[in-house]
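J.: this is the structure alone, sequence omitted:
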């Protein structure tokens, strides 16, 4: 079985928006990651920042923008 990847910028943008919206609603990083897992996504910390990836195949979707300081 092969995994087909479609790098559609519109879909990537929607996923990143979902992840940011969930980050704003979560009370902690742990809760945020748990909520994302329910949608089928995970966060991977890299040297270049946080990357959104799919579960269970760990296919990278996109890089999260840095959090804005309030």
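T.: Received the coordinates, thanks. Remember, predicted model here, so these are calculated numbers, not experimental data.
J.: how about the strands in the chain?
T.: Along the chain, the segments classed as strands by DSSP state E run 41-46, 49-54, 60-63.
J.: let me have those strands in CSV, adding mean neighbour count as columns.
T.: C-beta coordinates here come from the backbone N, C-alpha and C atoms, glycine included. As requested, those are arranged in CSV below (neighbours: other CB atoms under 10 Å):
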stretch, mean neighbour count
strand 41-46, 13
strand 49-54, 16
strand 60-63, 15
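J.: nearest residue to the middle of the protein?
T.: Centroid-nearest residue in the chain: residue 52, 3.0 Å away (criterion: CA atoms, centre = their mean).
J.: which non-adjacent residue is nearest it?
T.: In this structure, residue 52 finds its nearest non-sequential neighbour in residue 61, 4.4 Å apart by CB to CB, 6 or more residues apart in numbering.
J.: if I look at that neighbour, how far off is residue 28?
T.: Distance of residue 61 to residue 28, computed by CB to CB, to the nearest Å: 22 Å.
J.: repeat that for residue 43.
T.: Distance from residue 43 to residue 28, counting by CB to CB: 13 Å.
J.: what angle sits between the longest helix seen in the chain and strand 49-54?
T.: The longest helix of the chain (DSSP state H) is helix 9-25. Helix 9-25 and strand 49-54 are oriented at 110 degrees to each other (axes from the mean of the first three to the mean of the last three CA atoms, to 10 degrees).
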